[in-house]
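Colleague: Need a 3D model of the following:
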Amino acid sequence: MNNSLYSGRTALVTGASSGLGSDFARQLARQGANLIITARRAAALEALAREIIAETPGINVDVIVLDLGQSDSVERLAAEIATRGLVVDILINNAGYGSYGPFDQIPWEKENTMLQLDIVTLVRTTKVFAEGMKKRGWGRILQVASIAAFQATPLYASYGAGKAFVLNYGIAVNRELRGTGVTCTVLSPGVTATEFLKVADQRPTSFQRSTMMTSPAVAKIGLAALAKGRKSVVPGFGNTVAAVMTRFIGRGVAAAVAEAAMR
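Modeller: Now for the predicted structure:
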């Protein structure tokens, strides 16, 4: 019998078709959680579902193909989950992407969809699914932010600012949820070996290659922090030091260091 805190619970993982989302799903299943996985790419989701079911017999995996960058997507997601008779005990708010380049040269359509997904959708899913968790007296919410949340990040200006929102929002929500049985944890990874850089249209720099962590390692740290009800976690010693140092070196210097790292 699996004695994990997540055993027998149902976890909703957004952006589950690759990278961190896929690894969150795999690791939650190994700890006994049933899954609802959602993303835009149907084939990738179905392949992941088959893999998880084969590896962890007895785990239920529901696939919902949906573009969470659309304005009414969360309502449609919640309605589909309710229609299937499911409840969400664990919410992994992982869906999102970054846009690299000078702030005035990033196509607005791409940037607008990014902000919708990284901020608006995240807030909406948190509000919708936290309500049921509070009524049942138990729940776990993981918000995926970024090390970019800790300082202004030139060439990722709106992405970094959006992740700063996620960090502060998640910590505030965790505080408001005290005494309800529900917690909210913010995971702020550094550079991770996923499709992020490819989607962002950035070639990895030497700094990024030297500090890159694997996706399974980051997911493991995030889920461990979630289980403990921690408000925030930064995976990796170097990333943790960098996040702490931004408090002491000033915003301008921190932005200059971040720009150098991104170039």
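
Colleague: what are the ranges of the helices in the stretch 101-250 of the chain?
Modeller: Assigned by DSSP state H, counting those that start in this stretch, the stretch 101-250 of the chain shows helices spanning 108-115, 122-136, 157-176, 196-200, 206-211, 215-228, 237-249.

Colleague: and of those, who's closest to Ile92?
Modeller: helix 215-228 (8.3 Å; C-beta to C-beta). Placement of C-beta: from N, CA and C, glycine included.

Colleague: for the stretch 101-250 of the chain, which spans come out with low pLDDT?
Modeller: 193, 197, 200, 210 (pLDDT under 70).

Colleague: I'd like the helices of the stretch 101-250 of the chain written out as TSV, with mean neighbour count added.
Modeller: Output for these, formatted as TSV (neighbours: other C-beta atoms under 10 Å):
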stretch	mean neighbour count
helix 108-115	15
helix 122-136	18
helix 157-176	19
helix 196-200	17
helix 206-211	12
helix 215-228	20
helix 237-249	14
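
Colleague: could these be laid out in TSV, adding distance to Leu77?
Modeller: TSV is the format used below for the helices of the stretch 101-250 of the chain (distance: least, C-beta to C-beta, whole Å):
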stretch	distance to Leu77
helix 108-115	17
helix 122-136	8
helix 157-176	19
helix 196-200	21
helix 206-211	32
helix 215-228	21
helix 237-249	31
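
Colleague: if I pick the closest residue to Ala49 other than its chain neighbours, what's in contact with it?
Modeller: Nearest residue to Ala49, sequence neighbours excluded (C-beta to C-beta, 6 or more residues apart in numbering): Val61, at 4.3 Å. Val61 makes contacts with 25, 29, 34-35, 37, 48-49, 52-53, as judged by C-beta atoms under 8 Å, 6 or more residues apart in numbering.

Colleague: so what pLDDT did the nearest residue to Thr113 once chain neighbours are set aside get?
Modeller: Excluding the flanking residues, the one nearest Thr113 by C-beta to C-beta, 6+ apart is Gly69, at 4.6 Å. What the model reports for Gly69 is a pLDDT of 89.

Colleague: measure Gly69 to Glu131 for me?
Modeller: Using C-beta to C-beta, to the nearest Å, we find Gly69 at a distance of 23 Å from Glu131.

Colleague: again with Val87
Modeller: Using C-beta to C-beta, one obtains 11 Å as the distance from Val87 to Glu131.

Colleague: tell me which of the contacts of Val61 is nearest to Thr246?
Modeller: Ranked by distance to Thr246 (C-beta to C-beta), these are led by Ala25 at 31.6 Å.

Colleague: mind checking which helix or strand the closest one is in?
Modeller: Taking DSSP states H and E as the definition, Ala25 sits inside helix 19-30.

Colleague: again with Leu12
Modeller: Counting by DSSP H and E, the element that carries Leu12 is strand 10-14.

Colleague: List the strands paired with that strand, with their directions.
Modeller: Paired neighbours of strand 10-14 in the sheet (DSSP bridges): strand 34-39 (parallel), strand 90-93 (parallel).

Colleague: Reformat those as JSON lines; add distance to Pro102 and mean neighbour count.
Modeller: Shown next, in JSON lines, are these (distance: least, C-beta to C-beta, whole Å; neighbours: other C-beta atoms under 10 Å):
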{"stretch": "strand 34-39", "distance to Pro102": "29", "mean neighbour count": "26"}
{"stretch": "strand 90-93", "distance to Pro102": "28", "mean neighbour count": "28"}
